[in-house]
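Asks: I'll drop the sequence and a predicted model, then ask my questions.
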Amino acid sequence: MAGVAPGESHPVARGRLCSRGWNAHEASFWGGRVLHPLVRQCGDVEKVSWVAALDHVEAKLRDLLRAGKPIGVLGSARATNEENYLAGRLARAALGTNHIDFCHHATFRPVLLGIEDVTGDSSLAIRLADIESSDAIVLIEGDLTSTHPRAASAVLQALTKGARLIVIGCARTQMARVASCFLEAAPGHEGDVLNGLLAAALALGSCVAHTSLERDLRETKPTDEMRAAAPWIAARRAVFLTGPTSGSAAQIRSNAAALASLAAITGHLGQPGSGLLPLLGRSNVRGACDMGIAPDRLPGYERIENADARRRLERVWRKAVPAAGGLDAEKMIESVSGLIVLADNPEAVLPFGERARAALERIQFLVALDAFTTPLGRFAHVVLPVASYAETAGTVTNIEGRIQKVRPAAAPPGEAREGWEVLAALCARFEGRVSWASAADVYREIGEAAPRYRTATSVGADEGWESRLPPQPEQVHGTPQAAAAAGLARAERPYVLARDGAFDWSDDPLIAASPTLNREYQSTRKLFPNGFVEMNRADADALGVRTGWQVKLTSVHGEAILPVQLRSGLRRGILLVPYGFRDKVCNVLYEDGATAVAVERT
Amino acid sequence: MSTDVFLPQIARIEAVRDETPDTKTFALRFPAPQDSAAFRFHPGQFVELSVFGCGEAPFCIASSPTRPRTFETTIRRTGTLTDALHRLGPGEEVGIRGPFGNGFDVEAARGRDLLFVAGGIGLPPLRSLIWNVLDERESFQNVTILYGARTPVDLVYKDELKSWAATVGVDFHVTVDNATPGWTGSVGMVPVLFTKTTLRPETTLAYVCGPPIMIKFVVQDLFMRGFRDESVVSTLERMMQCGIGKCNHCAIGHRYVCRDGPVFNFKQIRELVE
Amino acid sequence: MQLPVLMIRKSDVGPWLATLIAKAEVIAPERGLCGEVTFSKIHSPEQVLWDFENPLWPPKQFVLPQTDPIVRIQRSGDGIEIAPIYDDRRRILFNVRPCDAKGIAFLTRMHEADPPDASYLRRAANLTVISLACNKPCPLGFCICSDSGPFLNGGQDIQLTDLGEKYLVEIGSEKGEAAVADAMHLFGAVSEDEKAQRKVLESEARQRFGEQTCHFGSAMRRISTRRVDDALWERMSDWCLGCGGCNFICPTCYCFSVKDRGGDGAWTRCRTWDSCQYAAFTLEASGHNPRAERRERMKRRFFHKVSAQYYVRDGMTGCVGCGRCIKVCLGATDMPAVVAAIRQRAWHEH
């Protein structure tokens, strides 16, 4: 595989790619690949045949089932829909459990729930083209230009056409610098800004009355900037973009709900060219959700309590689907005896970081399916080699909800097989008499389980690139709500420490296995193996520290000592720790995404 | 030099010497006589060294063509490649492309007073010229060598430094930023050594090499003392890949550190445009 | 010495192509996956597209692939075997645009420069470039501003001009002569009227470049003398998303990295496309990065492309005005936009 060429007629790319896209061939070609099925017993690793490996997996899982021990399955945001769907089927139909989740879900779920709280539909998403033709963009961001370059591109195109950009964040990022209005908000306090915008929008008088919202916002005083921005937001076409903000899951959910409320009260839900876009952070987060890779969700991201959804699935699978919800990824890893992990590295992705490692090492029987060698493979009991993203057939679903067909560009190396085939084989061993002849066959079944995936939907079909957009919803009634108050106790702890960049790419094989992309991330890891905390220069001067000097951070939960890195554009009083170093501050942050800290020089 | 600019020649490690806890000197030789004969280098040039299975990186030659049996390079362990290199021993093979770069203008130094100012790992590139000068001592006037490192253990070529100190015709001084028990020499950063020697700005060519911040302070000091910018010479470092002026990683304006450098005088450095 | 100028009827081009296909890989624009135009190897003359918009992926990939294996390293017994990897396949690029022909000529000059790059030059030596002059400008092109089109006047292997029923065939090199040698019976003499027609077509084409020009002059002066404000670079760099696309599709960009691939005693050393817009392009092992800021990297790119220093070194501007960077830019910082901003000393304000 020699390179990447941009598809000029591709409806999303239109000939343009980000740095990851231009080098997407590298990981597959240069990366450490799993080539053969491996079985680890008593510390020895042995190469075995596929049949022997699958026999071993089946035997061990049956042992656990007989002993009534819990088994879990982790799907993946970097797997195809077919792989995820079959992982879900393996868990629910073959193994009879709802312990199914994917590691990135924890990060993005609160955003989707917040949107669902207000609109009833977590799948709402505009097109990227809608951003380009919008009049106003409201963006809550970490650093869009590095997390979602394609979306940032759409924002820049819109700006060249005269659109207004309102950015809410704690650092003066590139998007903030080109914005028409930058509303600074400390991590966890984005809700205050959103409430201000809600109040300012209500005050315009052009919004539909919402008495409970108005009551909740009675005390809210919008700033002048917010008042100036409100009429922009009330423009004909406005789009609202958010990734997960800092703070607890509850805060993220509440912020997403407040943003959705802003869209609702300014009449931008259910309008062509306007609406919400949750910024999901891997190639197939949306697809994993749609495949029901969640302990309390079914294909179509339907709630497990939804009896109709359960019945539909039972008809397709001809098997009962357990009704009680299962464990999420973190709880799963800590409690199950058997675990099957598809294409992921839990300790790099899950919020609880290194704790995952200890938990994973305690699992009695751990199976890893991956194309790339990851830390998980070093202690899994069985490693099954699967094809990479460039070597597999299937579909993926982007942040627009666009379902796209992927075709293999090369054959998988060694004995690796397409992931859907491996999962299908595992399903067959437990369910008997089930088989799928091709990825397309699996996709057909997905269409039965999740109606949105039925290929009959031809709206927005693009013949050449074989992608399908879901139809835009026509009537969306929002139940707007204000954001919850932040309530960080600040008196003795004048700084806010937050985790930054939940979109940490550096451990993803697409990056880690690519020589060109990996070196971009390597320098900070090499120079600061023990992590660092980012600080504004004025704060550093006030504390009497320079780059590289250590500071002690103390919160209600505990303390940590870290070197300082100066970050220009960061708001005073805010300290950010890159997601990749979250373990270094786990004592301080505990389960919060943002917390008040005292800082002193050591 | 080989006919194909990307083709490494095999070189064998003759000897490895520990200089500091993280720095080693490798003495290399080409087993194939035609490679050995073809490898003609000047002080100040560098090679692209391949650790097979790891990759390739540029390292300056720390020895002189006046001692041609082997050539030496002194390398600090900073990453994957140097880590792998440090695990190799005598008899093992590496790949060498080169020599590359402009090297020091030895002819221009003949008849002049020479001042060498080095900090830490900046001494190896200067040693290539120092050896050349010492081997042809009569061609050069006064020779002064000033060297400093963070602590005594960080000094490289420890035994050789003693021999320089003992050589008649060489004015050698050493200092450390932080002394450790047993250190009886100067303490302080390299510029403190200027007071220990006679500097002759009108006749001297000064060669300065070390960490960027050290070069900055030393060079400032020299200019204050009347050195002209064409008389102060340094080596620039940049990320390199090809070593032959094609990959563009080391370009500064339209100059390439691998071709127009790595040796530059400060007049040229000031003229670098980007 | 007068270079041969011949004529071929359009109906005879198919047979001519057949003789070329018989002796080399002929690469021409054709409709490929998803109906997009790509330069690919053709098997029959009918595949050649004559009316097409220049695709983003440039023909430079045929002299400089994105991943280019150059050395094979292998452990054998106690020793190591090292051998160069050469690509000696004969290729003919057929029906490329003058900008792309000039781009390849530029790349060849870069790789011929001391020390010559044998790997590149072997490929280039086996490549014949047959271009078709542009009677009308393409939508985004500004080749007229860098003397790379719409017609070339020298330096090409063969330049075709569309005269209606026939093509004028200007042969400019031995390789060009060899390309017609097997089909001489298909070529005829050119009348004085036809030669005049070619001049008229060129002149008309040149006049049709409306607004899409890109005036390098004052930008070159300012870039070369460091008279572009850092503040302007800073503002412009906020509109760049660091994708590297401009470098990859540019016919004259050739920055690369060298990496070893493989393991277990056998490695292939590959040259791979790289981008000066990537932060780690200049990252040193010590962690120091002289171009850590995006504006420094932008400055670097435009210095290489537009400065007088490079113009003097290379004999031409490092830009053939093909317009691809306008299409591929994920941000808004293509060549004409940046050159205009430097001329006007202002980036678009909002």
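Replies: Received the coordinates, thanks.
Asks: outline the domain layout of chain A.
Replies: Split into domains by automatic domain parsing, chain A comes to A:1-30, A:32-104+A:284-456, A:109-278, A:495-601.
Asks: got a list of what residue A:505 touches?
Replies: The contact partners of residue A:505, taken as C-beta atoms under 8 Å, 6 or more residues apart in numbering or on different chains, are A:20, A:511, A:521. For every residue, glycine as well, the C-beta is placed using N, CA and C.
Asks: with neighbour count as added columns, please give the residues you listed in TSV.
Replies: TSV is the format used below for the contacts of residue A:505 (neighbours: other C-beta atoms under 10 Å in any protein chain shown):
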residue	neighbour count
A:20	22
A:511	22
A:521	20
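Asks: ok, so of these, who is nearest residue C:61?
Replies: Nearest to residue C:61 out of the contacts of residue A:505 is residue A:20 (C-beta to C-beta; 20.2 Å).
Asks: next helix or strand past the strand or helix carrying the closest one?
Replies: Using DSSP states H and E, residue A:20 maps to helix A:19-22. Next helix or strand after helix A:19-22 toward the C-terminus (DSSP H and E): helix A:24-30.
Asks: contacts only, for residue 7.
Replies: Looking at chain A here, since you left the chain open. Residue A:7 neighbours (C-beta under 8 Å, 6+ apart): A:13, A:15, A:465, C:33, C:34, C:36.
Asks: meant chain C actually
Replies: C:163, C:166, C:167, C:168, C:169, C:187, C:188, C:189, C:190, C:194.
Asks: am I right that it is in a strand?
Replies: Yes - according to DSSP: H, G, I helix; E, B strand; the rest coil, residue C:7 belongs to a strand.
Asks: the nearest residue to residue A:282 once chain neighbours are set aside and residue C:272, how far apart?
Replies: Once flanking residues are discounted, residue A:282 sits nearest to residue A:77: 3.8 Å by C-beta to C-beta, 6 or more residues apart in numbering or on different chains. Note on residue A:77: its distance to residue C:272, by C-beta to C-beta, to the nearest Å, is 28 Å.
Asks: again, but for residue A:268
Replies: 45 Å.
Asks: who has more neighbours, these two?
Replies: In this view residue A:268 and residue C:272 are compared by other C-beta atoms under 10 Å in any protein chain shown, and residue A:268 has more residues nearby, 28 against 24.
Asks: so the more buried one, which of the three states?
Replies: coil.
Asks: residues near the closest residue to it other than its chain neighbours, how many?
Replies: Distance criterion C-beta to C-beta, 6+ apart; nearest residue to residue A:268, sequence neighbours excluded, is residue A:274 at 3.9 Å. Burial of residue A:274, expressed as a neighbour count using other C-beta under 10 Å, amounts to 22.
Asks: and the stretch 151-274 of chain B, which of its residues are near chain C?
Replies: B:212, B:237-239, B:241-242, B:244-249, B:251-254, B:273-274 (C-beta under 8 Å from any C-beta of the partner chain).
Asks: in strands, which of the residues you listed fall?
Replies: B:251, B:252 (DSSP state E).
Asks: I'd like to know which of the residues of the stretch 151-274 of chain B next to chain C are buried.
Replies: B:237-239, B:241-242, B:244-249, B:251-254, B:273-274 (16 or more other C-beta atoms under 10 Å in any protein chain shown).
Asks: so residue B:226, which state does it fall into?
Replies: Per three-state DSSP, residue B:226 ends up coil.
Asks: pLDDT score for the spatially closest residue to it that is not a sequence neighbour?
Replies: Of all residues not flanking residue B:226 in the chain, residue B:201 sits nearest, at 3.8 Å (C-beta to C-beta, 6+ apart). Residue-level confidence at residue B:201 comes out at 95, pLDDT.
Asks: isn't residue B:201 up against residue B:225?
Replies: Yes - under the criterion of C-beta atoms under 8 Å, residue B:201 makes contact with residue B:225 at 5.7 Å.
Asks: neighbour-wise, which of the two wins?
Replies: Counted by other C-beta under 10 Å, residue B:201 and residue B:225 do not tie: residue B:201 has more neighbours, with 17 against 12.
Asks: quick one: check the longest strand belonging to chain C for contact with chain A.
Replies: What stands out as the longest strand in chain C, according to DSSP E, is strand C:67-76. Yes - interface with chain A: strand C:67-76 contributes residue C:67 (C-beta under 8 Å from any C-beta).
Asks: what's the average pLDDT for the helix or strand that that strand is followed by?
Replies: Scanning forward in sequence from strand C:67-76 by DSSP H and E, the next helix or strand is strand C:79-84. The pLDDT scores in strand C:79-84 average 92.
Asks: establish whether strand C:79-84 and chain B are in contact.
Replies: Yes - judged by C-beta under 8 Å from any C-beta, strand C:79-84 and chain B are in contact via C:79, C:80, C:82, C:83, C:84.
Asks: I appreciate the help and will end here.
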